Structures are given as C-alpha cells and as structure tokens.
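1. I would like the atomic coordinates for the input below:
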Amino acid sequence: MKCILLLPLILISSLAFSAYPNGPLKMIVPFPAGGPTDVMARLVSNKLGDALGQPIYVENKAGAHGAIGMQTALAAPADGQTLVMVSIGTNGINPGLYKKLSYDVNKDFVPVSLLVTVPIVIVTRVDAPYGDLAGLLAYAKANPGKLTFASAGNGGSSHLVPEMFMLRSNIDMVHVPYKGTAPAISDVLAGQVNLMFDTLLTSTQHIQSGKLKIIATTTAKRLPSYPNVPTVSESVLPGFEASSWYGLEVKAGTSPEIVQRLSAEIAKIMKMPDVRERLDQLSTFAVGSTPEEFARFQKSEQDKWVKVIQKGNIQPD
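-> Prediction:
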C-alpha cells in the first residue's frame, strides 16, 4: 500500500523536474546594483541562464544588511524559479548579529553552491609608520586606542574581521564605520583613518596604483598574485583565517532534483576558462561546491562569527 501511495508523489516530482525551468528565472541580490555581490550575480546569472535555456533576471533588493532581499526570496514559491545570492553577511554574520530575523537561513533556505571566496587584506597608506604586521602590532600596543580602522558598515565583514584580530592579538583600535566601502577606503587613502580590512576585490586598484600597501592577508595561504605578502596566521596569529564569500540558495521545499541540477551547472560554470579569467580579474577564487559542502561551510562560518559578536559585544545599527 505504501509503495502504491508513493508512486504518484514520485511521478509528480519527476514531471516537475523534467519541466524545469518552466520560464524565465529571477535572481534576488540583497544588495545595491554595482556592488561586488551584484557583479558576481550578473556573471553567474548569464552563464546559468544559458545552461538552463531560460533568461535569469537579476533583481536588487537592498536594505537592512541584506534582510529585505532575503525576505523577498522567502516570499517566492519553492519551485527553483527564484534564486538568491547570499554572502558572508547575510548567512554567516547576520544569524548571530540579529536576535530577531523574520527568517531562519538554515531552515527557510537550501544551499545550492558556494560560488567564490574573496581574500581580505589589511591595507594602509604607503607612508604608514609601520612596514609590516609585526610593526603594526607593536605600534598598536605602544599606542592603545590611537589606531583607527574603517569599515563599510557596522556588523559587516570589514568590521568583524578586525574585531576578531583585536580579540586574538589583545590590542585596541577604534572602529570608524561608513555607509559603504567607497567612502571608507577614500578616508584611508586621505589619511583620515589608519587602515582597513578590505576585500582584495575593492582594494586592488589602489594597491596597483601604489596608493595603498598590503600589510598582510587574512587568508589561510599566501595569495598567488602577492606571494611576498605574508598571512596573519604565519606572521603573528597561528590559525587566524577569514575570507569574504558569495553563494547561491533557493527556498526550502524546492525539489532536491532541481537543487542538484543547479549545483551541477554551477560547478561546470566555475570551471569555464572565461569565468576563471574574469574571477582572476576580480581577485576572487572560484569554488563551485555541492549543496552539502556549502551547508557545512555556512554552519562553520556562523559558529566562527557568533563567537566574535558575543566576545566583542557587537551590536547592529
């Protein structure tokens, strides 16, 4: 009897999968147009649309540290026609930062693929009074509360990574939050703020122009593009590691077959030579994980950042 009852369900699931996608798709980006999340979404959506045989329209729903975009994606049907670009902020930090979100990223959404990781580097002006990370730490310890660091906003990765750095190194720096990366890095360039833990994606042009220098990278290994720049881990804090990242998810309840197909197509896209070349230009590392790998990675990120939030008593805006 049970087998007979299951047959219609299996048949319905198979028919739904065979018809997927049944029209144009939508990709929700919880951040403004032109930002790094948006750039990544448009690169992936074009390729994924070609693979699926349907156009994918990117829709920017910015606000509330990504919460508005996540709520928009949650309101869509669980049919795989609406995708959402998630990030270290929306799915790694926000669950520990906000006590009352109107959704649960671990229950209301299903991971599809971790797309890329983005290196974070410590940048200062070239005329800073310290030439390396050891010098920066010595200066900070001799001048507690004198060094300032810029961030793109309270509670983001450019805020929490230096908070973790301060907790691990037992130093005191002053946080100067801005409304976005552009004004933050501008004040570092102008000498109004001493340093910034920024993604290499947004700092590269200033590093290559000689206006900023990299003190260290927070990645686990040295960057191929900057082999002479040490990591924080090898320099002063063993085991210290942090990177920004972007991934793709769908609403919970979406057919597992659809999730697996999307993940498989993303894996192929991340290996395409032209995509690799573009990601190199953006100073990002292609991943293209399975849903299970992304789920484990996301949970590990949440565990990491909630500890920093609690120990640093970080409060959202």
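2. surely Leu237 and Phe165 touch.
-> Yes: checked against CB atoms under 8 Å, the pair Leu237 and Phe165 is within contact range at 7.4 Å. Every C-beta, even on glycine, is put in place using the N, C-alpha and C of the backbone.
3. so between those two, which is more surrounded?
-> A count of neighbours by other CB atoms under 10 Å puts Phe165 above the other of Leu237 and Phe165, at 24 against 18.
4. pLDDT score for that one?
-> At Phe165, the pLDDT value in this model is 97.
5. cool, and the one 5 residues further on?
-> Asn170 is assigned a pLDDT of 94 by the prediction.
6. what about it, neighbour count?
-> 9.
7. what's the neighbour count on Ile120?
-> Count around Ile120 with other CB under 10 Å applied: 27.
8. now do the helices in the stretch 201-317 of the chain.
-> 232-235, 256-269, 273-281, 291-311 (DSSP state H, counting those that start in this stretch).
9. pLDDT weak spots in the protein?
-> Within the chain, the set of residues satisfying pLDDT under 70 comprises 1-18.
10. against Asp198, how distant is the residue positioned nearest the centre of it?
-> Geometric centre of the chain, nearest residue: Trp245, 2.8 Å, by CA atoms, centre = their mean. Distance, Trp245 to Asp198, by CB to CB, to the nearest Å: 15 Å.
11. returning to what we had before: residues in contact with the closest residue to the residue nearest to the centre of the chain other than its chain neighbours?
-> In space, and not counting its chain neighbours, Trp245 is closest to Thr117: 4.7 Å by CB to CB, 6 or more residues apart in numbering. Residues near Thr117 by CB atoms under 8 Å, 6 or more residues apart in numbering: Ser243, Ser244, Trp245, Thr284, Phe285, Val287.
12. so which helix or strand takes in the closest residue in space to the fourth one that isn't next to it in sequence?
-> It stands for Thr284. Nearest non-adjacent residue to Thr284, counting by CB to CB, 6+ apart: Val116, 4.3 Å away. With elements taken from DSSP states H and E, the one containing Val116 is strand 109-125.
13. helix or strand right after that strand?
-> Counting by DSSP H and E, the next helix or strand C-terminal to strand 109-125 is helix 133-142.
14. in that next one, which residues are buried?
-> Leu133, Leu136, Leu137, Tyr139, Ala140 (16 or more other CB atoms under 10 Å).
15. tabulate the CA atom coordinates of the next helix or strand after it in PDB.
-> As assigned by DSSP H and E, the chain's next helix or strand after helix 133-142 is strand 148-151. Output in PDB follows, covering the C-alpha atoms of strand 148-151 (Å, rounded to 0.1, in the frame of the first residue of the first chain):
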ATOM      1  CA  THR A 148      41.700  53.600  13.700                       C
ATOM      2  CA  PHE A 149      40.200  51.200  11.200                       C
ATOM      3  CA  ALA A 150      37.500  51.900   8.600                       C
ATOM      4  CA  SER A 151      34.600  49.600   7.700                       C
END
